[in-house]
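>>> Sequence first, then the predicted structure, then my questions.
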Amino acid sequence: MAAWSERLAGVRGVLLDISGVLHDSGEGGGVPIPGSVEALARLKRSQLKVRFCTNESQKSRGDLVGLLRHMGFDISEGEVTAPAPATCLILKERGLRPHLLIHDGIRSEFAQIDTSNPNCVVIADAGESFSYQNMNKAFQVLMELDNPVLISLGKGRYYKETSGLMLDVGAYTKALEYACGIKAEVVGKPAPGYFQSALQEMGVESHEAIMIGDDIVGDVGGAQRCGMRALQVRTGKFRFYIYLTLTCVHGMRPSDEHHPEVKADGYVDNLAEAVDLLLKYAHQ
Ligand SMILES: [Mg+2]
């Protein structure tokens, strides 16, 4: 791999994933990842532009920012690209009235949206509300529409909480796609339009921007497809080698660093290491 000075040269803007980079979510709001509060503060004192790009769809943007500020992070609502506000814009633009399969924590984001006589389904990380009954209701709404529209807030496979890995909205979106024979529209990473709106809000061209995330597919792969560079942190959901030591099976599942399709522009232990490198080599 080329030297860091080459890989990071010309970076002017940094897009930061939140969960798994700044903190691990979980019981009581979760915990900051060691070193991340200080690393973000250093990054924000630099000349680099910073924006946050999250797929969080269990909490409203205001609640998420409040939680992070309480942990000591220097972050404000206006700096965060989040899927719920982006979805509301789309719903209004297209005159869509959603049936909402979402977590109660983001219901307030949709307060201004007409949900009567639904002509689409919006699905987000509903957590415990992903019951058979609620999934089936969303399925029925879609099947009754002539032109079924399914909007998915992100399409993540899983994420990490302090208690372990958690199944994400993507698995449920796939179930509805399969049952209804349709394809969901994704508002969130890795959809190119979502990264592009974050870049626009940051005021930086894709070739001058770098994404830092813990998801090799959603963060790294998605950003690279938009012409950005991307670093993967070895925190959050990052997968190390898993050794199988069953009696008759010896082998290992490759880590994210050996993903068959996506190769990050660099792998770092955590946000603190990423910021050290950026402050040293970007902007040259
Ligand atoms: Mg993440």
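Arrived safely. Numbering: from 1, shown residues only.
>>> Hmm, D256 is touching V217, no?
No. Checked against C-beta atoms under 8 Å, the pair D256 and V217 is beyond contact range at 9.1 Å. For glycine as for every other residue, the C-beta is placed from the backbone atoms N, C-alpha and C.
>>> What residue in the protein comes nearest to the ion?
Closest to the ion within the chain is G20: 3.5 Å, counting by C-beta to the ion.
>>> tally of neighbours for that residue?
Using other C-beta atoms under 10 Å, G20 has 22 other residues around it.
>>> Check the gap between it and V268 for me.
13 Å (C-beta to C-beta, to the nearest Å).
>>> shared neighbours, these two?
V233 (C-beta atoms under 8 Å, 6 or more residues apart in numbering).
>>> Next, the contact list for the most centrally placed residue in the chain, please.
Per C-alpha atoms, centre = their mean, the C-alpha nearest to the average position across the chain is that of N55, at 3.3 Å. By C-beta under 8 Å, 6+ apart, the residues touching N55 are 19, 83, 153-154, 156, 188-189, 218.
>>> Farthest-apart pair in those residues, please.
The largest separation in the contacts of N55, counting by C-beta to C-beta, is between S19 and L153 at 13.7 Å.
>>> and those two? which has more neighbours close in?
Using other C-beta under 10 Å as the criterion, S19 and L153 rank with L153 on top: 28 against 25.
>>> May I see the buried residues of stretch 145-162?
145, 148-156, 159-161 (16 or more other C-beta atoms under 10 Å).
>>> Could you export those as a markdown table, including pLDDT, distance to V14 and secondary structure?
Listed next are these as a markdown table, based on pLDDT from 0 to 100; distance: C-beta to C-beta, whole Å; DSSP: H, G, I helix; E, B strand; the rest coil:
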| residue | pLDDT | distance to V14 | secondary structure |
| --- | --- | --- | --- |
| L145 | 98 | 41 | coil |
| P148 | 98 | 38 | coil |
| V149 | 98 | 34 | coil |
| L150 | 98 | 32 | strand |
| I151 | 98 | 28 | strand |
| S152 | 98 | 26 | strand |
| L153 | 97 | 23 | strand |
| G154 | 93 | 20 | coil |
| K155 | 91 | 24 | coil |
| G156 | 89 | 21 | coil |
| Y159 | 87 | 21 | strand |
| K160 | 82 | 22 | strand |
| E161 | 85 | 25 | strand |
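>>> Just name the closest of those to E208, please.
So of the buried residues of stretch 145-162, ranked by how close each gets to E208 (C-beta to C-beta), first place is G154, at 25.0 Å.
>>> Am I right that that closest one is in contact with D168?
Yes. At 7.2 Å, G154 counts as touching D168 under the criterion of C-beta under 8 Å.
>>> List the residues that contact the closest residue to the residue nearest to the centre of the chain other than its chain neighbours.
Leaving aside its chain neighbours, N55 sits nearest to G154 (3.4 Å; criterion: C-beta to C-beta, 6 or more residues apart in numbering). G154 makes contacts with 55, 57, 83, 124-125, 168-170, 186-189, 218, as judged by C-beta under 8 Å, 6+ apart.
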